[in-house]
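Trainee: Need a 3D model of the following:
(one chain, ligands or ions: 1)
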Amino acid sequence: MKYVITGGAGFIGSNLAAEFVRAGHEVHVVDNLSTGQARFLTDIDCHLHRIDLCSPTTDLGDIVAGAAAVYHLAANADVRFGWQDRRRDLSQNVIATLNVADACTAAGVRELIFSSTGSVYGQAAVIPTPEDAPYPIQTSLYGAAKSAAEGFLAAYAEAGLLTVTVFRFVSVLGPRYTHGHVIDFIRQLRRDPMRLLVLGDGTQRKSYMHVDDCVAAVSTVRTGEPFSVVNLGTAEYCTVLDSIGWIVDELGLAPVLEFTGGDRGWVGDNPFIWLDTARVRSTGWRPRYTIEASVRHTVSWLMANPWVLDIVDSRSDAQADPGGGR
Ligand SMILES: NC(=O)c1ccc[n+]([C@@H]2O[C@H](COP(=O)([O-])OP(=O)(O)OC[C@H]3O[C@@H](n4cnc5c(N)ncnc54)[C@H](O)[C@@H]3O)[C@@H](O)[C@H]2O)c1
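Mentor: Sure thing, here's the model as predicted:
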């Protein structure tokens, strides 16, 4: 079968592309390589189309035509820097999504899978947070944009134009990881192995999942409804300090920890994120990795692929990223 993956040169998308190619499918990746890496695809037998999804283009219609499904993962995937460029989440996460939805409907593709986020719940009142929990207040432009994109896709589904499955992920870890707290901490420790600056007080509680578990769910779990929302995560959470313990243990270091203080790391950080995953578990899906195993695997993959750290270092220098971890 033919599948199209937008953002397929990125962290999660390239793992999904690898999975579909392994299963014998024809895979087309659409990516502008803004954060994605063509190098992630070198061993994957797929077609890379370098296109910016923020501008409508007829090329996209030709690419998606005949696809069994379009997996729309292209986005600004970083929660933290929305306030540095207040239009970025709107254009990359909302407008790009509309352009993909329109290309699908014009080309007669019915099935669209959308990568959303647990960040849409903001500072959730109900934890673990189920899909039908109220989330009246957004705490980041990223969450606001993903929530808006979900709303647009719900309207396309309601109009009978698309069948849409929205997956709301917790933070994802594993091979080809390029952003998030593990890489932030390793980048700091490469500069100074004796000292680690932690945003907040380290007691923030977060849930994480391994990218293999994420890909297994995204590629197989469907509800049969025209529009559905499915949380994805593990049935556990950890503190930032737990994760730091696994990272420094994996690296064989014992740095002095310094804290910026407060119960959250940055404006829009949510001190406790843990999703209720009963819905996805009811389909039979189960995560194979614990959070600890996911963190340790990410560290070992990054240490074996230091070119990724170099690229993120140069990108983050340009962005003035303090790199305290999220
Ligand atoms: N990684 C996580 O922890 C996490 C958690 C929740 C949700 N998500 C969502 O999962 C998806 C994939 O995230 P990721 O971690 O792989 O991020 P990523 O940055 O590695 O991948 C995003 C990809 O989209 C591409 N892209 C961005 N804007 C584009 C545009 N305008 N046109 C074409 N391509 C564009 C980038 O080049 C990149 O390859 C995103 O939608 C993200 O919001 C990720």
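Trainee: Which positions in this protein make contact with the ligand?
Mentor: 7, 9-13, 31-36, 52-54, 73-75, 77, 92, 96, 115, 117, 169, 171-172, 178, 180 (CB under 6 Å from any ligand atom). Every C-beta, even on glycine, is put in place using the N, C-alpha and C of the backbone.
Trainee: Skipping adjacent residues, who's closest to G10 in space?
Mentor: Using CB to CB, 6 or more residues apart in numbering and skipping residues adjacent in sequence, the residue nearest G10 is G36, 4.2 Å away.
Trainee: That neighbour and W83: what is the separation?
Mentor: 23 Å (CB to CB, to the nearest Å).
Trainee: If you count surrounding residues, which of the two has more?
Mentor: G36 (24 against 12; other CB atoms under 10 Å).
Trainee: Does the more buried one touch G13 like I think?
Mentor: Yes. Counting by CB atoms under 8 Å, G36 touches G13, with 7.1 Å between them.
Trainee: if I look at these two, which residues touch both of them?
Mentor: Shared contacts of G36 and G13 (CB atoms under 8 Å, 6 or more residues apart in numbering): G7.
Trainee: Now the buried members of the residues of the chain next to the ligand.
Mentor: The neighbour-count test (16 or more other CB atoms under 10 Å) marks 7, 9-13, 31-32, 35-36, 52-54, 73-75, 77, 92, 96, 115, 117, 169, 171-172, 178, 180 as buried among the residues of the chain next to the ligand.
Trainee: can you give me the strands in this protein?
Mentor: For the chain, the strands defined by DSSP state E cover 2-6, 26-31, 47-50, 69-72, 111-117, 163-169, 171-173, 195-198, 205-206, 208-210, 227-232, 238-239, 256-259.
Trainee: now these in a markdown table, with mean pLDDT?
Mentor: Output for those, formatted as a markdown table (pLDDT from 0 to 100):
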| stretch | mean pLDDT |
| --- | --- |
| strand 2-6 | 98 |
| strand 26-31 | 98 |
| strand 47-50 | 97 |
| strand 69-72 | 98 |
| strand 111-117 | 98 |
| strand 163-169 | 98 |
| strand 171-173 | 98 |
| strand 195-198 | 96 |
| strand 205-206 | 95 |
| strand 208-210 | 98 |
| strand 227-232 | 98 |
| strand 238-239 | 97 |
| strand 256-259 | 96 |
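Trainee: Now tabulate these in JSON lines and tack on distance to Y156.
Mentor: Converted to JSON lines, the strands of the chain look like this (distance: least, CB to CB, whole Å):
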{"stretch": "strand 2-6", "distance to Y156": "16"}
{"stretch": "strand 26-31", "distance to Y156": "19"}
{"stretch": "strand 47-50", "distance to Y156": "23"}
{"stretch": "strand 69-72", "distance to Y156": "12"}
{"stretch": "strand 111-117", "distance to Y156": "8"}
{"stretch": "strand 163-169", "distance to Y156": "7"}
{"stretch": "strand 171-173", "distance to Y156": "26"}
{"stretch": "strand 195-198", "distance to Y156": "42"}
{"stretch": "strand 205-206", "distance to Y156": "32"}
{"stretch": "strand 208-210", "distance to Y156": "27"}
{"stretch": "strand 227-232", "distance to Y156": "9"}
{"stretch": "strand 238-239", "distance to Y156": "37"}
{"stretch": "strand 256-259", "distance to Y156": "45"}
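Trainee: Now do stretch 315-326, average pLDDT.
Mentor: Averaging pLDDT along stretch 315-326 gives 58.
Trainee: From the ligand, how far off is T290?
Mentor: 17 Å (CB to the nearest ligand atom, to the nearest Å).
Trainee: Could you count how many residues lie near that residue?
Mentor: By other CB under 10 Å, neighbour count at T290 equals 16.
Trainee: ok, back up a step: ok, now which ones touch the residue nearest to G10?
Mentor: Counting by CB under 8 Å, 6+ apart, the residues that G36 touches are 7-10, 13-14.
Trainee: which one among those residues gets closest to the ligand?
Mentor: Minimum distance to the ligand across the contacts of G36 is 2.1 Å, recorded for G10 (CB to the nearest ligand atom).
Trainee: so what's the closest one up against?
Mentor: 31, 35-37, 40, 73-74, 77, 176, 178.
Trainee: give me that answer again for 10 Å
Mentor: 16-17, 29, 31, 33-37, 40, 73-75, 77, 115, 176, 178-179 (CB atoms under 10 Å, 6 or more residues apart in numbering).
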